[in-house]
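Novice: Next one to model:
(one chain, ligands or ions: 1)
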Amino acid sequence: MTHQSTSTRARLHLLLIPCLLGTAALGETPAEKDQRMAWWREARFGMFIHWGLYAVPAGEWGNRRDHAEWIRTTAQIPLKQYDQFLAQFNPVKFDADAWVRMAKDAGMRYIVITSKHHDGFALFDSQVSDFDVMATPFKRDILKELSEACRKHGLKMCWYHSIMDWHHPDYLPRREWETDRPAAGADFKKFTEYLHAQVTELLTNYGPIGVLWFDGEWEATWSHEYGQPLYDLCRKLQPGVIVNNRVDKGRGGMAGLTEDAKYAGDFGTPEQEVPRTGIPGVDWESCMTMNDHWGYNKNDKNFKSSRELIRLLVDIASKGGNFLLNIGPTAEGEFPAESVERLAAMGRWMKINGDAIYGTTAGPFTEGLPWGRCTAKAMGGDTRLFLHVFDWPADAKLTLGGLGNDMKGARVLAGNGEPLRTERKESDLVIHLPAQMPDADCTVIALDVVGRPIVYESPKISAPADIFVNTLTVEIKVNSAEMEIRCTQDGSEPTANSAVYKSPLRLSDTTTVKARAFHRGKAVSSVAAAEFKKVPAWPAVEGVAGTGRGLRLRTYTGEWDRLPDFAALTPTRKAARAGIELEKEDRAERQGLVFAGLLRVATNDAYVFALTSDDGSRLYIDDKLVVDNDGLHEAQEKRGVAPLAAGHHALRVEYFNKTGGSELKLLMAPVGATPGPISPEQLASPMGEARKDGESSKASEPKKDGEPKNAGEGSISGAGKKERGIGS
Ligand code: H79
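Specialist: Here you go, the predicted structure:
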């Protein structure tokens, strides 16, 4: 692999939205958060345990054998019948000490167990519920025994607690098939009090708890207004506790990361998947099953091999994440034999190679390594790189492409400490390995280098947008301060004589920026290139002499998966709104909305618009599509850029909600600034139209009869044309 190529690869990183996870909660400083997260970041490896009444049927119901912890819902078991598992839950072989020892011997540093799963059954002695372990013949507080064993063996005890609850009479929504349990009289607020009461028990009666791991937050009844207080409760009861992001509504699907700092939660929770790359500065933990179920399923023998599991742990650590690996114990209280075997194998590997996992950070090779993975650890000012080899090279020569550091030495981590021969071939480092792979699961080479890692990768060119109206600031970065960036703005390839990049470029014309990394005077990367276009601003709507405040709203009824052509439909309701905001009646299900009016901007500029919706939405300015956030989805933000001349522009936001949660929000700012709310003064509807529709309006100032109307009302010239422009 050579890094001298001049291939032009665009590396434009547009509108990078950092994934921030609730760091501002409770006034905590970043340093305080680092301190709170320290043990968890060091640990890297934990055990998940899914255990409850569902272990009794062990996945079988009727003629199906593929159920597990979801069995009450997947087999549609009536509550009265499910309650009968209480009498059958008697795990006489449960041995807290043995469980904790198995986790510890596997190299795990914490255990997260289901204090309550979606079925509502509590594995602990809860004073606020009769649906708990004390109602079973076993009558032992399982969590008490486990927390004591964890303390004894130095592991952190952590709770998984489901928000979704199919048992509590006040939880909503009911499953659709539960016709024998009407929702009438259910009071969700009472349910949240119950939830708080159980969480209080869990954080009061069991000593210091490492993590509160919530789940089931995706149901429409749960909202930020519940999530934040629940997070705050946990931190109030135990200031040092770590809370996952499923406490709130910020999680983006199974990828599990939170993208909006408004939502509470300390770490992201990818489920059954590993992110493609790590994300600097973001804490995350991938949880996974060993087979295909979380709860015990006696027929599921589709276990990952211990080699796969070891490599998953390595892959996750190499991206800076934690691995939470699941066990589904039997109703007798034992770990499945297949799980026991795999834990032991992982433990054997970790005993020898744990140094390459615990307390490491993501490796510096963000573009991947053909033969395996890399984790890193700072050793004073120098660095130890742990090279995790999955595929042993046939010629026993391991090539590290593009590592610029001087070497201190390399050895097999599990070996006798004998140094391995290293040689430099231009920008590559070659390590001479033993002929035979010592550990076929994964052999770790510890490579010590001088200073912080210098990896020859092409520079990243970034700007808040790729178009601009006036000027644009462009930044170029490489991963190491030891490297120099040389760049050109005339389309030519950067050479050793090109200008050295020292501070952000300020463009005032359409420009192709090309950049290349240099180390010790030599070009060491391919050329990165990006084009930034200066564009004319879209002209303002002319002749807006007088306008009413606020926007015009049209409401449509229908069930869609994508935005319909509203122009072809007849509105069921007309109203006025102060801005792009949903009032109570706008949140109905099976409804579409069109907000339309004028947006005034003060200066010629390119503006970025951030449109968030649940479900789909689109933003049009001057009848041009600027943000497309269409489709069925949870609250999700999409961005777009529009070049706008000073003055008024036709604004139209289309939105629909099929079922479930409803949200709509539009933020804007000149490109380069952080988008914020649009002030009501910037919005207008031509001719006070909203009032003409005769709807009560929070937008237009209330006027008593006989008072003069807005000056100039009804005096827009060329209104017909503009009407079409804003989607009538
Ligand atoms: O406890 C285990 C599972 O029982 C539980 N989480 C793990 C740790 C789990 N419940 N459901 N699921 C996993 C899968 C559910 C996925 C979805 Fe969604 C919920 C699809 C749609 C709603 C969350 C929100 C994921 C995508 C959108």
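
Novice: Flag every residue of this structure that's near the ligand.
Specialist: Within reach of the ligand by CB under 6 Å from any ligand atom, the chain has these residues: 69, 70, 215, 218, 253, 254, 271, 287, 294. Bear in mind the C-beta positions are built from the backbone N, C-alpha and C, glycine included.

Novice: Among the residues you listed, which pair sits farthest apart?
Specialist: 69 and 253 (20.0 Å; CB to CB).

Novice: Return the nearest residue of the stretch 501-650 of the chain with respect to the ligand.
Specialist: Per CB to the nearest ligand atom, residue 634 is where the stretch 501-650 of the chain lies closest to the ligand, at 6.1 Å.

Novice: my guess is that residue meets residue 218, correct?
Specialist: Yes - shown here, residue 634 and residue 218 form a contact pair, counting by CB atoms under 8 Å, at 7.1 Å.

Novice: Would you double-check that residue 149 falls in a strand?
Specialist: No - under DSSP: H, G, I helix; E, B strand; the rest coil, residue 149 sits outside any strand and is assigned helix.

Novice: which ones are touching it?
Specialist: Going by CB atoms under 8 Å, 6 or more residues apart in numbering, residue 149 touches 96, 97, 99, 100.

Novice: mind running it again at 10 Å?
Specialist: With contacts defined as CB atoms under 10 Å, 6 or more residues apart in numbering, residue 149 is in contact with 95, 96, 97, 98, 99, 100, 101, 103, 104, 111, 155, 157.

Novice: and the gap between it and residue 59?
Specialist: 27 Å (CB to CB, to the nearest Å).

Novice: Distance check, residue 549 against residue 651.
Specialist: Separation of residue 549 from residue 651 (CB to CB): 14 Å.

Novice: Overlap of the contact sets of residue 634 and residue 218?
Specialist: With CB under 10 Å, 6+ apart as the test, residue 634 and residue 218 both reach 249, 251, 253, 660, 661.

Novice: Any quick PyMOL command for the buried ones out of those?
Specialist: Selecting only the buried entries of the shared contacts of residue 634 and residue 218 in PyMOL, with 16 or more other CB atoms under 10 Å as the criterion:
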select buried, resi 249+251+661
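
Novice: Nearest to the ligand, out of the shared contacts of residue 634 and residue 218: which one, please.
Specialist: Checking the shared contacts of residue 634 and residue 218 against the ligand with CB to the nearest ligand atom, the nearest one is residue 253 at 4.2 Å.

Novice: Residue 268 versus the closest one, what's the distance?
Specialist: Counting by CB to CB - residue 253 and residue 268 are separated by 11 Å.

Novice: How about residue 445?
Specialist: The gap separating residue 445 from residue 268 is 30 Å, by CB to CB.

Novice: Can you report how many residues neighbour whatever residue of the stretch 201-350 of the chain ends up closest to the ligand?
Specialist: Of all residues in the stretch 201-350 of the chain, residue 218 sits closest to the ligand, at 3.8 Å by CB to the nearest ligand atom. By other CB atoms under 10 Å, 15 other residues sit near residue 218.

Novice: Residue 339: what secondary structure?
Specialist: The assignment at residue 339 comes out as helix when based on three-state DSSP.

Novice: Use 54 as the first number from now on
Specialist: Noted, 54 is the first residue going forward, which turns the last one into residue 392.

Novice: ok, now which ones touch it?
Specialist: 100, 155, 159, 343, 344, 349, 356, 378, 379, 380, 381, 382.

Novice: same thing with residue 91?
Specialist: residue 412.

Novice: does it count as helix, strand or coil?
Specialist: helix.

Novice: What confidence value was assigned to it?
Specialist: Residue 91 carries a pLDDT value of 98.

Novice: that older thread, now intersect the residues of the chain next to the ligand with the strands, please.
Specialist: Counting by DSSP state E, the residues of the chain next to the ligand place 268, 340 in strands.

Novice: Redo the residues of the chain next to the ligand as a markdown table? Include pLDDT.
Specialist: Putting the residues of the chain next to the ligand into a markdown table (pLDDT from 0 to 100) gives the following:
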| residue | pLDDT |
| --- | --- |
| 122 | 98 |
| 123 | 98 |
| 268 | 98 |
| 271 | 95 |
| 306 | 72 |
| 307 | 75 |
| 324 | 97 |
| 340 | 98 |
| 347 | 98 |
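
Novice: Excluding chain neighbours, what is closest to the residue of the stretch 104-253 of the chain found nearest the ligand?
Specialist: Nearest residue of the stretch 104-253 of the chain to the ligand: residue 122, at 4.9 Å (CB to the nearest ligand atom). Closest residue to residue 122 apart from its sequence neighbours, by CB to CB, 6 or more residues apart in numbering: residue 348 at 3.3 Å.

Novice: Show me the strands in the stretch 54-203 of the chain, by range?
Specialist: 61-63, 65-67, 98-102, 163-169 (DSSP state E, counting those that start in this stretch).

Novice: what about the stretch 604-753 of the chain, any weak spots by pLDDT?
Specialist: For the stretch 604-753 of the chain, the stretches with pLDDT under 70 are 740-753.

Novice: Tell me where it has helices.
Specialist: All helices of the stretch 604-753 of the chain, identified by DSSP state H, counting those that start in this stretch, fall at 742-745.

Novice: do the same with the stretch 104-253 of the chain
Specialist: Using DSSP H, counting those that start in this stretch, helices in the stretch 104-253 of the chain cover 124-127, 132-135, 138-141, 149-158, 195-206, 241-255.

Novice: Identify whichever of the ones you listed lies nearest to residue 313.
Specialist: helix 241-255 (22.2 Å).

Novice: List the buried residues of the closest one.
Specialist: Applying a neighbour-count criterion of 16+ other CB under 10 Å, one finds 241, 244, 245, 247, 248, 249, 251, 252, 253, 254, 255 buried in helix 241-255.

Novice: What helices and strands are in contact with it?
Specialist: strand 163-169, helix 195-206, strand 209-215, strand 264-268, helix 277-290 (3 or more CB pairs under 10 Å, 6 or more residues apart in numbering; DSSP states H and E).
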